[in-house]
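Engineer: Return atomic coordinates for the entry below.
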Amino acid sequence: MIAIIYGTTTGNTLDAATKVQAQLGGEDKVELFDVKDIGLGALEYFTKVIFAIPTWDYGEVQEDWQDVWDEVDETDFSDKTMAFIGLGDQYSYSEWFVDAMGMLHDKVVAQGATVVGYWPVEGYDFEESKALTEDKKLFVGLPLDDDCQPELSDKRIEEWCALIQADLAD
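Structural biologist: Below is the predicted model of the structure:
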């Protein structure tokens, strides 16, 4: 089983998590958890985890994730294979595109996680992002922009799920 732990304010991140769940085999293979309801408690039951996090305003962490932000630094992820989904607006917040995903990725990697699902930067138009690899050729997870590129989200989710499926298989 795979856990997807998400935080959402407008519903876009839940929509993305639900689509990823469907692509990876549905409810029989993937369980969804709202971070505001479960916190990080579900982590002890899963070794395959996807974190889905939107970026708010000027590179800020969404409020439900903010509630568990410090707890991430105290959690051992060394037995976890992790992937990330980040939502953001690459035009209105071009200097902070999916920053929260990058910040969460860095915290989890520091706690020993194995990360899969890096994604190319081609097809996005932004100035800066904390969610880029050091060489700036890849994002640390799947960035979605349902504000400016909603027509691309389903195809990106489908391709990304195909990319990570083997790494997250039981």
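Engineer: tell me what the worst-scoring helix or strand of the chain on mean pLDDT is packed against?
Structural biologist: Ranked by mean pLDDT, DSSP states H and E, the weakest helix or strand in the chain is strand 60-61, scoring a mean of 89. When contacts are defined as 3 or more CB pairs under 8 Å, 6 or more residues apart in numbering; DSSP states H and E, strand 60-61 packs onto helix 99-110. For the C-beta atoms, the positions are set from N, CA and C on the backbone; glycine is no exception.
Engineer: helices or strands next to the helix it packs on in the packing?
Structural biologist: Taking 3+ CB pairs under 8 Å, 6+ apart as the contact cut, helix 99-110 packs with strand 48-56, strand 60-61, helix 69-72, strand 81-87, strand 114-115.
Engineer: Kindly recompute the last result at 7 Å.
Structural biologist: Packing partners of helix 99-110 (3 or more CB pairs under 7 Å, 6 or more residues apart in numbering; DSSP states H and E): strand 48-56, strand 81-87.
Engineer: Relative to the first one, what are the paired strands and their orientations?
Structural biologist: Strand 48-56 pairs in its sheet with strand 2-6 (parallel), strand 60-61 (antiparallel), strand 81-87 (parallel), by DSSP bridges.
Engineer: Mean pLDDT lowest where, among those strands?
Structural biologist: Among those, strand 60-61 carries the lowest mean pLDDT, at a mean of 89.
Engineer: I'd like to check what contacts it. Which residues are they?
Structural biologist: The contact list for strand 60-61, computed with CB atoms under 7 Å, 6 or more residues apart in numbering, reads 69, 100, 103.
Engineer: who does the residue positioned nearest the centre of the chain bridge with?
Structural biologist: The structure's the chain has its C-alpha centroid closest to Ile85; by CA atoms, centre = their mean the separation is 2.3 Å. Ile85 has the following beta-bridge partners by DSSP bridges: Ala52, Leu142.
Engineer: Next up, the contacts around it.
Structural biologist: Ile85 neighbours (CB under 7 Å, 6+ apart): 16, 20, 50, 52, 141-142, 144.
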